[in-house]
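Enquirer: Provided below are the primary sequence and the corresponding predicted coordinates.
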Amino acid sequence: MKVSILGIPMDLGAGRRGVDMGASALRNAQLSRTLRDLGHDVTDLGDVPVPIPETLDKHASGGLVFLEPILDACRLTADRVAALPRDVFPLTLGGDHSVSMGTVAGNARRLGAGTGTGRLGVIWVDAHTDYNTPDSSPSGNIHGMPVAHLTGLGDSRLTGLGDGWTLRPEDITMIGIRSVDTRERDALREAGIRAYTMKDVDQLGITRVVDRTLEQLDGVSGIHVSFDADALDPGVCPGVGTPVPGGLTYREGHLLMELLSDSHRITSMDIVEVNPILDTRNQTAEVMVGMAASLLGQRIL
């Protein structure tokens with residue numbers, strides 16, 4: 001398989017500094033070599049240019065902190081991803097989770113979603129639903145809002161990244177959820193988005209969660225996996241900005257990726273919210289490289 005790596009070193013959407021170094025940490029954890037050892041043809045496209053917060057005036061526009069530079073970075077990301085051939089697997093590295101507004105929109109364009117030729121499904125692996133809007137967000141940090149904007153809710157400048165395309169709520173599955181704001185919960189229920197909380201994972205097991213997810217997304221032409229490192233328990237991935245106890249175990253994470261790989265339906269992936277400042281000897285980046293490897297074919301035997 002041809003794999004193209006693209007970094008988006010942005011922490012403008014987060015409340016804590018450090019995830020702008022996440023892409024470098026993942027590369028330092030031998031991401032390219034690991035995937036080449038699996039037989040993939042790997043190209044590293046470098047990074048999308050993103051300004052650092054200290055060079056910017058921190059103000060909220062319409063309740064959104066650093067809106068304009070985030071919008072610019074997401075537009076550049078969407079264009080870079082959309083330009084990739086359909087036979088390439090884009091592996092995009094954050095940065096905070098707001099980068100997914102660009103990666104998902106770009107992959108939708110790449111697969112022809114919104115033009116009548118296909119739909120894009122999204123599997124959101126995260127401790128958080130990221131379904132706030134500027135009106136509901138308690139912080140104004142955009143990394144808590146990407147799913148809402150991808151579905152057309154929120155600020156029109158960010159919902160416009162899809163060039164008229166919006167992600168259908170029925171084409172989203174969330175896995176690993178355990179931290180949801182009150183107004184997010186109400187909005188999720190109203191939208192009808194399928195979210196598997198950690199209670200669901202405990203009761204059903206990862207295998208049944210994946211089976212139900214793939215059944216739900218049966219009609220899409222491609223599936224994008226957006227994997228926030230904080231979906232895994234902080235004992236597994238300590239280097240994240242918003243850790244929540246009780247997350248996916250190491251083996252649950254790998255099993256999830258292995259089962260999705262077995263489906264042969266995953267067409268792109270994000271790895272986001274790796275924060276080396278808060279990490280221990282690059283542990284989180286190394287774990288997430290392993291998750292990407294499992295999604296892209298690594299097996300025990």
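Expert: The structure has been received and is ready for your questions.
Enquirer: Next, count neighbours for residue 38.
Expert: Residue 38: 16 surrounding residues under other C-beta atoms under 10 Å. Every C-beta, even on glycine, is put in place using the N, C-alpha and C of the backbone.
Enquirer: who's in contact with it?
Expert: Contact analysis of residue 38 by C-beta atoms under 8 Å, 6 or more residues apart in numbering lists 293, 296-298.
Enquirer: could I get those residues as a markdown table with distance to residue 147 and pLDDT?
Expert: Formatted as a markdown table, the contacts of residue 38 follow (distance: C-beta to C-beta, whole Å; pLDDT from 0 to 100):
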| residue | distance to residue 147 | pLDDT |
| --- | --- | --- |
| 293 | 26 | 98 |
| 296 | 24 | 98 |
| 297 | 28 | 98 |
| 298 | 28 | 98 |
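Enquirer: Just those: which are in helices?
Expert: Among the contacts of residue 38, the members falling in helices (DSSP state H) are residue 293.
Enquirer: Can you select the buried ones among the contacts of residue 38 for me in ChimeraX?
Expert: Per 16 or more other C-beta atoms under 10 Å, the buried members of these correspond to this ChimeraX selection:
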select :293,296,298
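Enquirer: Over to residue 138. Which of the three states is it?
Expert: coil (DSSP: H, G, I helix; E, B strand; the rest coil).
Enquirer: What is the burial count for it?
Expert: Residue 138: 10 neighbours (other C-beta under 10 Å).
Enquirer: same deal with residue 40?
Expert: Residue 40, neighbours per other C-beta under 10 Å, totals 18.
Enquirer: Likewise for residue 301?
Expert: What residue 301 shows, counting by other C-beta under 10 Å, is a neighbour count of 2.
Enquirer: How about the contacts made by the closest residue to residue 197 other than its chain neighbours?
Expert: What sits nearest to residue 197 in space, not counting adjacent residues and going by C-beta to C-beta, 6 or more residues apart in numbering, is residue 177, at 4.7 Å. Going by C-beta under 8 Å, 6+ apart, residue 177 touches 126-129, 195-198.
Enquirer: and if you look at residue 265?
Expert: Here residue 265 is in contact with 214, 217, 222-223 (criterion: C-beta under 8 Å, 6+ apart).
Enquirer: at 7 Å what do you get?
Expert: The contact partners of residue 265, by C-beta atoms under 7 Å, 6 or more residues apart in numbering, come to 214, 223.
Enquirer: Can you give me the separation between it and residue 149?
Expert: Remark: distance between residue 265 and residue 149 (C-beta to C-beta, to the nearest Å) = 25 Å.
Enquirer: and residue 93, what element?
Expert: strand 88-94 (DSSP states H and E).
Enquirer: counting contacts, what elements does that strand pack onto?
Expert: Under the contact definition 3 or more C-beta pairs under 7 Å, 6 or more residues apart in numbering; DSSP states H and E, strand 88-94 sits against strand 2-8, helix 22-28, strand 266-272.
Enquirer: out of the ones you listed, deepest packed?
Expert: Burial of the helices and strands packed on strand 88-94 is given as mean neighbour count (mean count of other C-beta atoms under 10 Å); strand 266-272 ranks first at a mean of 26.
Enquirer: the helices in the stretch 51-200 of the chain, which residues?
Expert: 67-82, 100-110, 146-150, 156-159, 182-191, 198-204 (DSSP state H, counting those that start in this stretch).
Enquirer: buried residues in the shortest one?
Expert: This points to helix 156-159. 158-159.
Enquirer: Contacts for stretch 151-158, please.
Expert: 62, 64, 67, 71, 101, 133-134, 145, 148-149, 159, 166-167, 169, 191.
Enquirer: ok, so of the residues you listed, who is nearest residue 258?
Expert: residue 167 (25.5 Å; C-beta to C-beta).
Enquirer: Only the buried subset of the contacts of stretch 151-158, as a PyMOL command please.
Expert: PyMOL command restricting these to the buried ones, with burial defined by 16+ other C-beta under 10 Å:
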select buried, resi 64+67+71+101+133+134+145+148+149+159+166+167+169+191
